[in-house]
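# generate coordinates for the sequence data below:
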Amino acid sequence: MNHTLHYFATPGPMTTPGPHAALFDSLPTDIGALCRVVQGLMIHTFWADHYGVHLDEARREEVQLRPVDQKLERIMALDPRPLVETRSPETRLVGNCRDFSVLLTAMLRHQGVPARARCGFGRYFLPNHFEDHWVGEYWNVAEERWVLVDAQLDALQQGVLEPPFDPLDVPRDQFITGGAAWQLCRAGEADPETFGIHDMHGLWFVRGNFVRDVAALNKVELLPWDLWGVAYVEGSDEGLSAADWAALDEMAALTAGDVPEFDRVRQLYESGDRWRVPPVITSYTAAGPISVPLPMLALANE
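Residues are numbered from 1 along each chain as shown. Sure, this is the predicted structure:
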């Protein structure tokens, strides 16, 4: 367990602050205060209207920033004050649930706290629906357990959504990890068509979030529309081989909860192209699919 905690207490390719590391030095260590810092730095692209902000296309493109060092560069370009000073909504970095979770994860890792981002589905956005979503997860030393945290839900969003729990301790039946969602659908305990976002839903969508969660557990937190490996068979599951189905079921069993057998997850992730993020991925942007090189992965492996 100790080496697993050490692994998650250090940054990965996407959560390294790089030349902006000093910005993290004066951050609070209390998890609630840290979430409020994140909320004061970012605005969710789908929630901007609630804050009285109209986003043009140029600002919406900020959601394409993957690594934290690039996010920090843009945050400081918008407002050069220390990170602990809350920005006005119009000068916050535009992001989504993945970005709130990844920024929180980066801050915690900088403080030596084991943390990771989790990709899956939230049950607290729409009735009878599992919404595409990311949250953070950190190791609570006092309670000796992994705790899920939704850093996106500030006071305004909590007032709208009225979640029946504290966002600083999200119950595991309210946020469903990608692996757990896969298990529910495969067992016939949930309808795959209730998992997704907008007009995108189904088992293929569950599979995409599942694969992204596995990558995030291996400290490669990619965008919600990035695809590779066994996630790449989009829109249908007919292209999956029997070996693919078996591999997906095995990995789901390992990653559905707080991942007690992490060594096995690492072994499977590194064993081939089914799970491991390659140097070039396919990203489904508004303009269509594009190939995206990930040079930070090469640097991390040197």
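# from the chain's centroid, how far away is the top strand by length along the chain?
Ranked by residue count under DSSP state E, the longest strand found in the chain is strand 130-140. Taking CA atoms, centre = their mean, to the nearest Å, the mean C-alpha location of strand 130-140 is offset from the chain mean by 7 Å.
# and for stretch 36-46?
Computed by CA atoms, centre = their mean, the chain-centroid distance of stretch 36-46 equals 14 Å.
# quick one: low-confidence residue ranges for the protein.
1, 233-235, 299-302 (pLDDT under 70).
# ok, now with 90
Applying pLDDT under 90 to the chain flags residues 1-2, 231-239, 272, 285-287, 298-302.
# how about the helices of it, start to end?
Applying DSSP state H to the chain gives helices spanning 2-8, 31-41, 57-60, 68-78, 97-110, 155-161, 178-186, 203-217, 242-255, 262-270, 295-301.
# turn those helices into JSON lines, columns for mean neighbour count and distance to residue 138.
Bear in mind the C-beta positions are built from the backbone N, C-alpha and C, glycine included. Output for these, formatted as JSON lines (neighbours: other CB atoms under 10 Å; distance: least, CB to CB, whole Å):
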{"stretch": "helix 2-8", "mean neighbour count": "14", "distance to residue 138": "9"}
{"stretch": "helix 31-41", "mean neighbour count": "20", "distance to residue 138": "7"}
{"stretch": "helix 57-60", "mean neighbour count": "11", "distance to residue 138": "29"}
{"stretch": "helix 68-78", "mean neighbour count": "19", "distance to residue 138": "16"}
{"stretch": "helix 97-110", "mean neighbour count": "27", "distance to residue 138": "5"}
{"stretch": "helix 155-161", "mean neighbour count": "13", "distance to residue 138": "20"}
{"stretch": "helix 178-186", "mean neighbour count": "24", "distance to residue 138": "19"}
{"stretch": "helix 203-217", "mean neighbour count": "26", "distance to residue 138": "14"}
{"stretch": "helix 242-255", "mean neighbour count": "17", "distance to residue 138": "17"}
{"stretch": "helix 262-270", "mean neighbour count": "15", "distance to residue 138": "15"}
{"stretch": "helix 295-301", "mean neighbour count": "13", "distance to residue 138": "22"}
